[in-house]
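>>> How does the following fold in three dimensions:
(chains A and B)
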Protein chains: 2
Amino acid sequence: MKILSISEILKIKNIKKFKNKNIIIIGWIKTQRHSKIGISFIDINDGSCINNIQIIIKKNIKNYSKIIKLTSGCSIKIKGLIIKNKKKKNYEINANHIKILGNIKNPKKYPLSPKYHSLEFLRKISHLRPRTTLFGAITRIRNTFIFNLHKYLQKKKFLLINTPIITSLDTEGHSKMFVVKYNNNNFFNKKSYLSVSGQLNLESYVCSLSKVYNIGPIFRAENSNTKKHLSEFWMLETELAFCKLKEIINLSKNILSYCSKKILKNNKKDIYHLMNLNNLNNINHIKNIIKKKFIEIDYYEIINILKKEKIFKKNNIKWGINISTEYEKFLTEKYFKSALIIKNYPKNIKPFYMKINKDKKTVSCIDIIFPNIGEIIGGSLRENKINKLDKNIKRNKLNKEKYNWYRDLRKYGTIPHGGFGLGIERFIMYITKIKNIRDVIPFPKYPNYSNF
Amino acid sequence: MKILSISEILKIKNIKKFKNKNIIIIGWIKTQRHSKIGISFIDINDGSCINNIQIIIKKNIKNYSKIIKLTSGCSIKIKGLIIKNKKKKNYEINANHIKILGNIKNPKKYPLSPKYHSLEFLRKISHLRPRTTLFGAITRIRNTFIFNLHKYLQKKKFLLINTPIITSLDTEGHSKMFVVKYNNNNFFNKKSYLSVSGQLNLESYVCSLSKVYNIGPIFRAENSNTKKHLSEFWMLETELAFCKLKEIINLSKNILSYCSKKILKNNKKDIYHLMNLNNLNNINHIKNIIKKKFIEIDYYEIINILKKEKIFKKNNIKWGINISTEYEKFLTEKYFKSALIIKNYPKNIKPFYMKINKDKKTVSCIDIIFPNIGEIIGGSLRENKINKLDKNIKRNKLNKEKYNWYRDLRKYGTIPHGGFGLGIERFIMYITKIKNIRDVIPFPKYPNYSNF
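Sure thing, here's the model as predicted:
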């Protein structure tokens, strides 16, 4: 007898095939209701989709007295017949046999009672929160997103390169990095860190394989206790040979559009559940991405817009400043009401590896800023001329020796190239409307918290 | 004008479509030959496949004098016509225009001369080795393997769960783990490590989502300077609810078979290149995996076989010992000449989380051992009863408190489940016949070496 998942059962088109055929289904109890006349209705879920399925249990089942004592969270194995509930237009299971797999001895001590739990509380029980409808939905969306990032890039012939986690180099130049040790010794014979980006390593592969990417974990030792920062998060990084900034922009837009479409197709019910929790009756924020509604604008134009706004202190806004969270919010949520692609930032506020434009003041780069979230993507062309790269290294006060291997890529058969990094969790926040980044990664790590 | 990759050009079926149509192709020079009558033949590669394509350049091209000075490794952009070489039955490019993108000023200093380089030497220039034919091939095979692990599991409705890298828990019980710090402070407020396995975290998700997996980096701080160990490597981990050991075995066999088939389909030329380097004229080792030729055998039977062998010291072999590398080699390469699935090891040589069999002496587990490589997969059913798990924790002298969250999974709605871990690099070694694990990962990390 085959075990069927709830998702498989709900997709059955011809119910006649299952007439008088017992199937097995296994899951965890969500809710239960026992009628006085000796019929129990138990809703179970198995994680295969957001839907529960109702199990109908009559009192002639031999362990009925035990079954009616089961509570939310208990796991059971059901043998029974699939029947159609014509009123509700869905399937139910008429149970013939029930095996109790996992009981909960003291339901009052079970941290996940059927009552409402705050997200803060659930974070402390990250090992149990996937049992909630909410975290089931987030997990399935995250799964669809990451797999389709792979799928899209594979279709476009990008090669997956697993860049190193332990490294002796700082990609961004001046990052706060975690140190890796063993028994207080330098196991690696030199100071070693957790990587803040695999970009430089990807660049070494793009200089012979033309199209490469990685999806991997990234670490920042910043003491940021915000809703948008984690100490450990996942990033897609791409590198593309022989490209112009326009191709980086197009690749960014296309991949977000493709994945959003797939999420909407594969996880429609998960999405609508999340929208309901936010009292939203539309999914325009996702449709906009699918339709590639981004406003492309230059950094200097952004500065001119901000200068004209009376709500900001005029003196603070001048060419050369960082576009702070406050300004990002204003631009994406009030002024443009759209995701923005901001191009050509001043070179002094961007890392050493970016290609300087002909104006000698700006770099050929983009930040993609989303409403309610902030930066989702950062990308650029990379400086591919050795003399210019060396100037950038000097200007950024970096140790040239340390970047010797990276410099080799420019000394030997250099090519124009570029790429972008995409914050996986940030985009899932945007799609799901979840407000704290700690809730869109299975086991969040942040200052003072490395449990699990 | 479109940039075409070599792979795209070689797949052209109807060459007439490209008659008189200039295309652009970009790549790195592999070899060059200049005839006295003023024609140059330059082979370039762009990483899209193992094949080079020949560019024919006549002396009437304006920068011809510079072109004939180019050396192996320089990058060029070619505009030209695709023509068919009827003798060689392949395509070539008749160049109309060539742009030199990246020169090599001092070819004598370029570490990758066209001569033979040892793998040891290439490891020291891990940033340049993807430019060799060998590392191009390994990279494309690795890409096909990992993507198809995802693809197979997604087809089977497994959900991807990114388990944490930074952790406060030791999965295996007594592993050597790297410590993560920031500025010598405990950034996380408790001792934190790099994970040796995401299994326990996956188990928390399998206990509501039924089928889960991760592909991620794993760390071991062991001072092992062998050809089969890395300090940082990649692992597939799966967890499957409601399963028996037989299903773990089948899933292992099916996924290796599926991926091997895909590698043979997508990377045939890469594979044959690697076989040539090993003077091998067959790919039976891959075909055996595709055909799922594994010998399934119990641990106690293995001990009985070893006892009968005169080459081993009899006294050393008794029920309860670890099956050492020496024995593994004998079994897979001499006695069975096959990959082995060894089942039901003694509980005392396996971790605390494994399910003890009815005999109370062995655990319900498998090790899959490959000829020339050793262990590729380790899997087991997990102990799902809280009282038995607690006994195992005690017997293994572990701190019960530390495993409280893991114990919760057994206290609340427990289910029978199990899974396996697959060493990504080990399997790539098997497929490619590469003998040192440091050569099948982009940037290897091992004791005293964390460069790049």
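
>>> So which residues of the stretch 1-150 of chain A form helices?
A:6-10, A:64-67, A:119-124, A:133-155 (DSSP state H, counting those that start in this stretch).

>>> Going by neighbour count, which residues in the third one are buried?
Buried residues in helix A:119-124, counted by 16 or more other CB atoms under 10 Å in any protein chain shown: A:122, A:123. (Each C-beta comes from the backbone N, C-alpha and C, glycine too.)

>>> same thing with the first one?
Within helix A:6-10, the residues that qualify as buried by neighbour count (16+ other CB under 10 Å) are A:6, A:7, A:8, A:9.

>>> for the second one, same thing?
Applying a neighbour-count criterion of 16+ other CB under 10 Å, the buried positions in helix A:64-67 are A:64, A:67.

>>> Return the distance of it from the chain's centre.
42 Å (CA atoms, centre = their mean, to the nearest Å).

>>> which strands and helices sit next to that helix?
strand A:39-45, strand A:53-58, strand A:90-102 (3 or more CB pairs under 8 Å, 6 or more residues apart in numbering or on different chains; DSSP states H and E).

>>> pLDDT averaged over the first one - what is it?
Taken as a whole, strand A:39-45 has a mean pLDDT of 97.

>>> now do the longest one
Averaging pLDDT along strand A:90-102 yields 96.

>>> hmm, that strand touching chain B?
Yes. With CB under 8 Å from any CB of the partner chain as the criterion, chain B is reached by strand A:90-102 at A:101, A:102.

>>> what comes up buried for that strand?
A:91, A:92, A:93, A:95, A:98, A:101, A:102.

>>> Tell me how far the first one lies from residue A:344.
Distance, residue A:91 to residue A:344, using CB to CB, to the nearest Å: 56 Å.

>>> Ok, the fifth one next?
With distances defined as CB to CB, the gap from residue A:98 to residue A:344 amounts to 65 Å.

>>> Can you classify residue A:234 as helix, strand or coil?
What DSSP: H, G, I helix; E, B strand; the rest coil gives for residue A:234 is strand.

>>> Can you tell me who it pairs with across the strands?
For residue A:234, the beta-bridge partners are residue A:217 (DSSP bridges).

>>> So which bits of the stretch 201-350 of chain A are right by chain B?
So far as CB under 8 Å from any CB goes, the stretch 201-350 of chain A lies against chain B at A:201, A:204-205, A:207-211, A:216-217, A:219, A:221, A:223, A:231-232, A:234, A:241-242.

>>> Inside strands: which ones of those residues?
Assigned to strands by DSSP state E, the following of those qualify: A:211, A:216, A:217, A:219, A:232, A:234, A:241.

>>> Contacts only, for residue A:84.
Taking CB atoms under 8 Å, 6 or more residues apart in numbering or on different chains, we find residue A:84 in contact with A:15, A:90, A:91, A:92.

>>> Close to chain B as well: tell me which of the buried residues of helix A:6-10 qualify.
Here is what survives when the buried residues of helix A:6-10 are matched to chain B using CB under 8 Å from any CB: residue A:7.

>>> Make JSON lines from the buried residues of helix A:6-10 and add pLDDT to it.
Output for the buried residues of helix A:6-10, formatted as JSON lines (pLDDT from 0 to 100):
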{"residue": "A:6", "pLDDT": "98"}
{"residue": "A:7", "pLDDT": "97"}
{"residue": "A:8", "pLDDT": "97"}
{"residue": "A:9", "pLDDT": "97"}
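
>>> so which of the buried residues of helix A:6-10 would you say is closest to chain B?
The shortest approach to chain B among the buried residues of helix A:6-10 belongs to residue A:7, at 7.2 Å (CB to the nearest CB).

>>> which residue sits closest to that closest one, ignoring its sequence neighbours?
Counting by CB to CB, 6 or more residues apart in numbering or on different chains, residue A:7 lies nearest to residue A:48, which is 3.7 Å off, once chain neighbours are set aside.

>>> tell me the contacts of the one you found?
Residue A:48 neighbours (CB under 8 Å, 6+ apart): A:5, A:6, A:7, A:8, B:157, B:209, B:210, B:211.

>>> Is the first one in contact with residue A:44, as I believe?
No. Counting by CB atoms under 8 Å, residue A:5 stays clear of residue A:44, with 11.2 Å between them.

>>> Of these two, which one has the most company?
Neighbours were counted for residue A:5 and for residue A:44 using other CB atoms under 10 Å in any protein chain shown; residue A:44 has more, 22 against 19.

>>> so that one bridges to which residues?
With DSSP bridges as the rule, residue A:44 is bridged to residue A:29, residue A:53.

>>> What residues does it make contact with?
Taking CB under 8 Å, 6+ apart, we find residue A:44 in contact with A:6, A:25, A:27, A:28, A:29, A:30, A:52, A:53, A:55, A:76, A:78.

>>> pretty sure the fifth one is in contact with residue A:78, am I right?
What it means is residue A:29. No. Judged on CB under 8 Å, residue A:29 makes no contact with residue A:78 at a distance of 10.8 Å.

>>> now, the most widely separated pair of the contacts of residue A:48?
A:8 and B:209 (14.8 Å; CB to CB).

>>> which SSE is residue A:285 in?
With elements taken from DSSP states H and E, the one containing residue A:285 is helix A:284-290.

>>> residues in contact with that helix?
With CB under 8 Å, 6+ apart as the test, helix A:284-290 has contacts from A:256-257, A:260-261, A:263-264, A:271, A:338-339, A:371, A:430-431, A:433.

>>> export those to CSV and tack on secondary structure, pLDDT and neighbour count?
Converted to CSV, those look like this (DSSP: H, G, I helix; E, B strand; the rest coil; pLDDT from 0 to 100; neighbours: other CB atoms under 10 Å in any protein chain shown):
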residue, secondary structure, pLDDT, neighbour count
A:256, helix, 98, 26
A:257, helix, 98, 18
A:260, helix, 98, 25
A:261, helix, 98, 15
A:263, helix, 98, 26
A:264, helix, 98, 17
A:271, helix, 98, 21
A:338, coil, 97, 16
A:339, strand, 98, 23
A:371, coil, 97, 19
A:430, helix, 98, 23
A:431, helix, 98, 27
A:433, coil, 98, 16
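
>>> How many neighbouring residues does residue A:160 have?
23.

>>> quick one: contacts for it?
Residues in contact with residue A:160 (CB under 8 Å, 6+ apart) are A:150, A:153, A:154, A:212, A:213, A:214, A:215, B:142, B:143, B:146, B:147.

>>> quick one: which of these is most hemmed in?
Ranked by the number of neighbours (other CB under 10 Å), the contacts of residue A:160 place residue A:212 first, at 32 neighbours.

>>> tell me the contacts of that residue?
With contact taken as CB under 8 Å, 6+ apart, residue A:212 is in contact with A:158, A:159, A:160, A:161, A:202, A:205, A:206, A:238, A:239.

>>> and the two most separated of the residues you listed?
Greatest spatial distance in these: A:160 and A:206, 12.8 Å, computed using CB to CB.

>>> picking up where we left off before, out of the ones in strands among the residues of the stretch 201-350 of chain A next to chain B, what pair is the most spread apart?
Among those, the pair separated by the greatest distance (CB to CB) is A:232 and A:241, at 30.1 Å.

>>> From the chain's centroid, how far away is stretch A:92-99?
Relative to its parent chain, stretch A:92-99 has a centroid offset of 37 Å by CA atoms, centre = their mean.

>>> Oh, that last question was meant for stretch A:43-60, not what I typed.
Relative to the centre of its chain, stretch A:43-60 is centred 29 Å away, using CA atoms, centre = their mean.

>>> Stretch A:123-138 now?
Distance, centroid of stretch A:123-138 to centroid of chain: 15 Å (CA atoms, centre = their mean).
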